[in-house]
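Enquirer: Structure for the following, please:
(chains A, B, C and D, ligands or ions: 4)
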Amino acid sequence: MAVATTNTTNPTTTATTTTTEPTSQRATTMTLGKALNAGLRQALTDDDKVILMGEDIGKLGGVFRVTEGLQDEFGDRRVIDTPLAESGVVGTAVGLALRGYRPVCEIQFDGFVYPAFDQIVSQVAKFRYRNEGRVAVPVTIRIPYGGGIGAVEHHSESPEAYFAHTAGLRVVTPSNAADGHRMIQQAIASDDPVIFFEPKRRYWEKGDVDTDAPLDDMPLHRARVLTEGTDVTVAAYGPMVATSLEAAGIGAEEGISLEVVDLRSLSPIDFETLETSVHKTGRLVVVHEAPVFCGLGAEIAARVSERCFYSLESPVRRVGGFATPYPAAKLERHFLPDADRILHEVDRCLQP
Amino acid sequence: MAVATTNTTNPTTTATTTTTEPTSQRATTMTLGKALNAGLRQALTDDDKVILMGEDIGKLGGVFRVTEGLQDEFGDRRVIDTPLAESGVVGTAVGLALRGYRPVCEIQFDGFVYPAFDQIVSQVAKFRYRNEGRVAVPVTIRIPYGGGIGAVEHHSESPEAYFAHTAGLRVVTPSNAADGHRMIQQAIASDDPVIFFEPKRRYWEKGDVDTDAPLDDMPLHRARVLTEGTDVTVAAYGPMVATSLEAAGIGAEEGISLEVVDLRSLSPIDFETLETSVHKTGRLVVVHEAPVFCGLGAEIAARVSERCFYSLESPVRRVGGFATPYPAAKLERHFLPDADRILHEVDRCLQP
Amino acid sequence: MAIAQLAVPTERFTEWAGYDGPVQLISVDGQRTVGCPYWELVADVDGHQLRDLYRDMAVVRRIDAEAMALQRQGELGLWAPLLGQEAAQVGSARALRPDDFAFTSYREHGVAYCRGVDPVTMLRMWRGTGLSGWDPAEYNLATPAIIVGAQALHATGYALGITLDHARSAVVAYFGDGATSEGDVSEALGFAASYTVPVVFFCQNNQWAISEPVRLQAHASIAQRAQGYGLPGVQVDGNDVLAVLAATRLALARAYAGQGPTLIEAVTYRMGPHTTSDDPRRYRSHEEEEEWGAKDPLVRLRALLQREGLADERFEKEVATAAGEAATALRTGVLAMANPTPDALFENVYAGPHPLLDAERDAYLEYLAEYDEVS
Amino acid sequence: MAIAQLAVPTERFTEWAGYDGPVQLISVDGQRTVGCPYWELVADVDGHQLRDLYRDMAVVRRIDAEAMALQRQGELGLWAPLLGQEAAQVGSARALRPDDFAFTSYREHGVAYCRGVDPVTMLRMWRGTGLSGWDPAEYNLATPAIIVGAQALHATGYALGITLDHARSAVVAYFGDGATSEGDVSEALGFAASYTVPVVFFCQNNQWAISEPVRLQAHASIAQRAQGYGLPGVQVDGNDVLAVLAATRLALARAYAGQGPTLIEAVTYRMGPHTTSDDPRRYRSHEEEEEWGAKDPLVRLRALLQREGLADERFEKEVATAAGEAATALRTGVLAMANPTPDALFENVYAGPHPLLDAERDAYLEYLAEYDEVS
Ligand SMILES: Cc1ncc(C[n+]2csc(CCOP(=O)(O)OP(=O)(O)O)c2C)c(N)n1
Ligand SMILES: Cc1ncc(C[n+]2csc(CCOP(=O)(O)OP(=O)(O)O)c2C)c(N)n1
Ligand SMILES: [Mg+2]
Ligand SMILES: [Mg+2]
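Expert: Ligands and ions are numbered 1, 2, ... in the order given. Take a look at the predicted model:
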């Protein structure tokens, strides 16, 4: 096993994929970015209360072009450029929701969500509870997140744990084009607010998308077993799913059988699927880019350690970012988990 | 064992306390609020670069009177009332720190820290790292936190996990007067930014404080074993320490020996002390007021489950708030852990 | 009661906007001022309506006093009194049409009253039996915002929704002088101006934000802040119910006419403590309180009524009875308020099912049952 | 080079502040305007100094172009060009004294240059070898803020420190037109006014915030926003280096004199893309770019120099050489920049030891060593 020297994004070798995704004749190949764009277009078409709002999402189509062409198609009353103020974006979205709209906010990069944190935590998350169910705030907040693109500071953060710890929110993240297309529509249709994390370094990765597949083929909050394996379960989400599949591929060559679970939903977490897997393998490695300390992996490790106490053959291991801010681009490959670091923890799990 | 019907704050029966606190002739009895006040006074006296800033901290002395009398004593250039804007408070504190000051910001209540979240997470926490150590931002941010005081919304939150997950910050919380007096001074003296959580419902609880004791008798980031026990370790912090001691008292009467560990520091966490205890008892219950999901208890459970894999005789159990926003006052006793809920989990740990 | 709507001529907006405030129509000693162009905006307000306004103010003052008493007696956890701000709240809220929508902070009991909310319901959050009271959709009134300033953005968003709907109604965002320091309020001014949405920013400058005087928050007048964002701002005597009514009507008319937001600064005074937890003697002088006491909005309106022969003994008695009845109903209602049951803790967090929360609820209710505690 | 300080008479502040901008001292075709009272503020600027200003602007433009080229060649991850904003940056930065302190966003390479920062150092964060470059204390210049608007509060706090120190220096906070929408910038204006601290808010209104035109951010002029917060605001032609210098000098003089903050809006144009990742053709017209191209700040200053016989061939050559040398030094320096070693990842997170991070570092370095990867 060699330590990768670059952040290989495309798994060169992948284990047999046993995704439950129905393969369809109508499936077309598109990038995650385009799939999200198509999903947003569908949502705008299906419900005229859906509006998109954010910085530079109109003519520019967003800095990642996820909203490209949508203002042209639906007009600037459905796809709205906002002044440069994130609290303002989310706060006005709350008001729009109270008026009966379904706003979909784009936060330009992960690191720019914090000015909106108060509106998200104190308002978006708590509005329904405060109003005893009389009021819904079906706001979707799209956040491109994670590193690996060689960016300057504040452009590579993984803040999902903050939101997962916030009751009242739902938090999801697709790892591939098909899920991007489906999940963004499900998130928008949800009567609860949804924080929708988009793994930005996977925007350009392609996958088959059946744009006509019924949405409820796969519920928003269900995890998916991507490769069946017997030795160790690897739980990942968003950008780390491809990395975990890469690890599974390398593992397969070395005779280690990994079961990769794509969590898809971070709040709530589908522990049923995860535990079924761990009961089988007896071992679990959790992977994310965010710092390990108090990260989402802590919750997963804590709960699985409790609920699978008697089937775990080795302690749950976590692979993730270190207790540092996100570093300069030339250091990010050390910060970010890669297939080798995952396999290193897999090895530790398997050591007698 | 009876379920308590009120949030008893003062343990009626306590187990033998074996705190390492040196008892001194010079110790005086004071409330946690007064001890913090005395600690702040000392810090202002010792270092003229220390300044206090916040809403209503001057003439009013803060809504909890923690800064009472300090503006009179040190003047309004050392104890500064700020306009009503939390991002402004923390953002200007950063600038003051760059000018060589040691600002101590008061956030009036836990629920009002979120407007400052961006300045805390993107600036306070990251300044040193960004500047490769050339710049220090020794800002202390005091936050009265937690519930149990029958307050209206946004006045009873426990947001510590957000900050513990943020690299670059240190996060601490005293549970008693002596620690309040010592730790606030240590926090201010720290060259790193410190989020200082004050358990508001304990402000009026009294304890012995030796105001002359050397600060380094007890390092800021060390946990303390408060009662030695053999059956189960109970890890708690801030407001839940007294509740855990109460549980230990009731437990003692029922023949269950609890070892209560006051974590004191939430980032970093003193796992050494905690693990020593768990190696001995083989069982751990973690208690906090914040929602369990992705709370600090998750990190503790995850890490202890990993590191004490072979000495744990039962899974680590967590007692905490539910996955709801903080509820209306008349419901808070159901939300907040009490001695009975702790003992319930202790019982589960002890079940064969 | 409702104040009839007045058709405000669009072509005169600029003229009114050009008037250098503060707008005052009733002087401190209860005389009608002369020369202020805002008089035209309340030209339809006859003696009957003046008395209605007075009755509203007297009743909300009584409700407020009763709530204070209930808090002192341990029946409420906290109360934020409106004492002294009755004219600002009643004058503005009475300018609203039913399909206008209002967002408030925690102190606008007078606004809620004018919107038709049962005062008992208002006290629910202060008693702690719930986090809020009424249904926002029923009264077109959001539940109070406790996070200072946050509601200004909600109001702006709601107003944007009205624009997108091509509807002809408006939104009022109430906030205090302290709130003007919060970034959210500034962002709201900017968004509202940028989108030209029908929102009225109604700031009650009651001189204090807890212990902080307004000069700490604002170096210029608060009304002036509007100009910086490209919207009209006007300062009115907030203890003059007619001036407030006139200014709000104008702002609403501009909003209906698609001319966008206005900022109104109603200069008033918080005659009581910030909340029942507060002790104003720590930070302000008795003289100041007396000075403002002399400008009491109810005293002033009563002086006008008396001067104009509109306040005979029968009327005074009628008002006292109405106020007394409101107080009694409030007390009875509050004392009869049912406590929530434990399962309420877990409800309405999410619209749909949620495996984690559902499991937590089941386990907790089972735990309670085990100890025979389910009520 | 340094522009000598000019003693600005305090008693004339109000007069200058009363001048209805925009302040322009050099017309678009390079002529000295007449009648503007701001001329007095640059009365000492002679031909020699004018040439110095031109040289600065030419050199930073060349540095900027070289950085663009380096990015296109894959040597930088990103670059935010200042093209078109040289006058605004050089004119303001040259007004500063060494003990003044500046806070900037990511585009103020011209400011950093005037503060004496080695351009190679500036490029460090763009190459990704570090998160910043220079030592703020060495140049009295903070490292660039990427979170839009955050630095306005840092500047205000620093200025408050100056006040507390009874010192006689000032702070400049640079930000863009887009930044004026962020709550932080508004809060900074409010705090600065409230505490009367020596800070100059210097907004480069370059017409665009990525793809968003300034009219989306500000309904009135940005300078006007100042009045709303009770501080003077002035609009200057940001492509006129003398006008910028004059206005900044005045604002600094007020700050030194204890008269508090000023907001300067320098009206300029971002002639290039937002960053190398941007494509302006998606959102703005060629005509607009041409229109502003005609107002190029360097062209204008050169026209003045030529008109006044200050720009002979020798001077032009000298400037070209200086610019060329700066570019070469930049390229050489950047290409020679060492990559950080893995242990740097773990350094400077905390001032003191940290058990968790220390353990993570040890484990990771051991892991690397295991695979022979430590460089
Ligand atoms: C974000 C936030 N910060 C602080 C507080 C605490 N607080 C409650 S009311 C208040 C003062 C508000 O003053 P003002 O806006 O003038 O309204 P008033 O109370 O005078 O009606 C403060 C500081 C809060 N509720 N929210
Ligand atoms: C808080 C925050 N939100 C969004 C961004 C993304 N962003 C970077 S620059 C920029 C535009 C800034 O425009 P302006 O303030 O006019 O400065 P300019 O780029 O024109 O110099 C945006 C939206 C950011 N860096 N920070
Ligand atoms: Mg007030
Ligand atoms: Mg700009």
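
Enquirer: Every contact and neighbour count from this point should use C-alpha atoms.
Expert: OK.

Enquirer: dump the residue contacts of the residue of the stretch 251-352 of chain A found nearest ligand 1.
Expert: Of the stretch 251-352 of chain A, the residue with the smallest distance to ligand 1, taken as CA to the nearest ligand atom, is residue A:294 at 25.9 Å. Residue A:294 makes contact with A:161, B:161, B:164, B:165, B:294, B:295, B:296, B:298, B:299 under the criterion CA atoms under 8 Å, 6 or more residues apart in numbering or on different chains.

Enquirer: Near chain A, which residues of the stretch 101-250 of chain C? Just list them.
Expert: By the rule CA under 8 Å from any CA of the partner chain, the part of the stretch 101-250 of chain C lying against chain A is C:130-133, C:135-136, C:143, C:147, C:150-151, C:153-162, C:164, C:184, C:187-188, C:190-191, C:194.

Enquirer: Give the burial count for the closest residue to residue A:86 other than its chain neighbours, as a bare number.
Expert: Among residues not flanking residue A:86 along the chain, residue A:116 sits closest, at 5.1 Å (CA to CA, 6 or more residues apart in numbering or on different chains). Residue A:116: 23 surrounding residues under other CA atoms under 10 Å in any protein chain shown.

Enquirer: Would you list the phi and psi of residue A:116?
Expert: The phi and psi values for residue A:116, taken as degrees, to the nearest 10, are phi -100, psi 0.

Enquirer: Quickly find the element holding residue C:306.
Expert: Here residue C:306 sits within helix C:297-307, counting by DSSP states H and E.

Enquirer: tally of neighbours for residue C:48?
Expert: 10.

Enquirer: Quick one: low-confidence residue ranges for the stretch 201-350 of chain A.
Expert: Along the stretch 201-350 of chain A, the model assigns pLDDT under 70 to no residue.

Enquirer: any chance you could map the helices in it?
Expert: Remark: helices assigned in the stretch 201-350 of chain A by DSSP state H, counting those that start in this stretch are A:239-253, A:271-281, A:296-307, A:332-335, A:339-350.

Enquirer: could those helices be laid out in JSON lines, adding distance to chain D?
Expert: Compiled in JSON lines, these are given as follows (distance: least, CA to the nearest CA, whole Å):
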{"stretch": "helix A:239-253", "distance to chain D": "16"}
{"stretch": "helix A:271-281", "distance to chain D": "25"}
{"stretch": "helix A:296-307", "distance to chain D": "15"}
{"stretch": "helix A:332-335", "distance to chain D": "7"}
{"stretch": "helix A:339-350", "distance to chain D": "9"}
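
Enquirer: In JSON lines, list those along with distance to ligand 4 and mean neighbour count.
Expert: What follows is the helices of the stretch 201-350 of chain A, written out as JSON lines (distance: least, CA to the ion, whole Å; neighbours: other CA atoms under 10 Å in any protein chain shown):
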{"stretch": "helix A:239-253", "distance to ligand 4": "32", "mean neighbour count": "25"}
{"stretch": "helix A:271-281", "distance to ligand 4": "47", "mean neighbour count": "19"}
{"stretch": "helix A:296-307", "distance to ligand 4": "37", "mean neighbour count": "25"}
{"stretch": "helix A:332-335", "distance to ligand 4": "29", "mean neighbour count": "23"}
{"stretch": "helix A:339-350", "distance to ligand 4": "41", "mean neighbour count": "20"}
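
Enquirer: Can you give me the separation between whichever residue of the stretch 101-250 of chain A sits closest to ligand 2 and residue C:156?
Expert: Residue nearest to ligand 2 within the stretch 101-250 of chain A (CA to the nearest ligand atom): residue A:112, separated by 4.6 Å. The gap separating residue A:112 from residue C:156 is 21 Å, by CA to CA, to the nearest Å.

Enquirer: For the two, work out which one has more neighbours and name it.
Expert: The residue with more neighbours, out of residue A:112 and residue C:156, is residue C:156; 38 against 22, by other CA under 10 Å.

Enquirer: In this structure that one contacts residue A:94, no?
Expert: No. Contact criterion CA atoms under 8 Å: residue C:156 and residue A:94 do not qualify, at 9.5 Å.

Enquirer: roughly how far out does stretch A:244-257 sit from the chain middle?
Expert: Distance of stretch A:244-257 from the chain centroid (CA atoms, centre = their mean, to the nearest Å) equals 23 Å.

Enquirer: Now do the buried residues in the helix or strand bottoming out on mean pLDDT in chain C.
Expert: When each helix and strand of chain C is scored by mean pLDDT, DSSP states H and E, helix C:13-18 comes last, with a mean of 85. Neighbour-count burial for helix C:13-18 flags C:16, C:17 (criterion: 16 or more other CA atoms under 10 Å in any protein chain shown).

Enquirer: how would you label residue C:41: helix, strand or coil?
Expert: Using DSSP: H, G, I helix; E, B strand; the rest coil, the secondary structure recorded for residue C:41 is helix.

Enquirer: any idea what sits nearest it, other than its immediate chain neighbours?
Expert: Among residues not flanking residue C:41 along the chain, residue C:246 sits closest, at 5.1 Å (CA to CA, 6+ apart).

Enquirer: can you confirm the one you found is in a helix?
Expert: Yes. Using three-state DSSP, the secondary structure at residue C:246 is a helix.

Enquirer: That one and residue C:43 touch, don't they?
Expert: No. With contact defined as CA under 8 Å, residue C:246 does not reach residue C:43; the gap is 9.3 Å.

Enquirer: Have a look at these two and say which one is more surrounded.
Expert: Neighbours around residue C:246 and residue C:43, counted as other CA under 10 Å, are more numerous at residue C:246. The numbers are 26 against 10.

Enquirer: And that one, what's its pLDDT?
Expert: Here, the pLDDT recorded for residue C:246 equals 97.

Enquirer: where exactly do the strands run in the stretch 101-250 of chain C?
Expert: Secondary structure of the stretch 101-250 of chain C by DSSP state E, counting those that start in this stretch: the strands cover C:101-103, C:171-176, C:199-205, C:208-209, C:212-213, C:233-237.

Enquirer: Nearest to chain D among those strands would be which one?
Expert: Closest to chain D of the strands of the stretch 101-250 of chain C is strand C:233-237 (CA to the nearest CA; 10.0 Å).

Enquirer: What's the mean pLDDT across that closest one?
Expert: Mean predicted confidence for strand C:233-237 is 98.

Enquirer: what's the answer for stretch A:136-150, then?
Expert: Average pLDDT, stretch A:136-150: 98.

Enquirer: With stretch C:327-336 instead?
Expert: For stretch C:327-336, mean pLDDT is 98.

Enquirer: And stretch C:50-64, by the same measure?
Expert: Throughout stretch C:50-64, pLDDT has a mean value of 98.

Enquirer: related to what we said a few turns ago, quick one: the residue of the stretch 251-352 of chain A closest to ligand 1 from residue B:298, how far?
Expert: 7 Å.

Enquirer: any idea which strand is longest in chain A?
Expert: If you go by DSSP state E, chain A has its longest strand at strand A:284-291.

Enquirer: near chain D, anything from that one?
Expert: No. Strand A:284-291 is not in contact with chain D by CA under 8 Å from any CA; minimum separation 10.6 Å.
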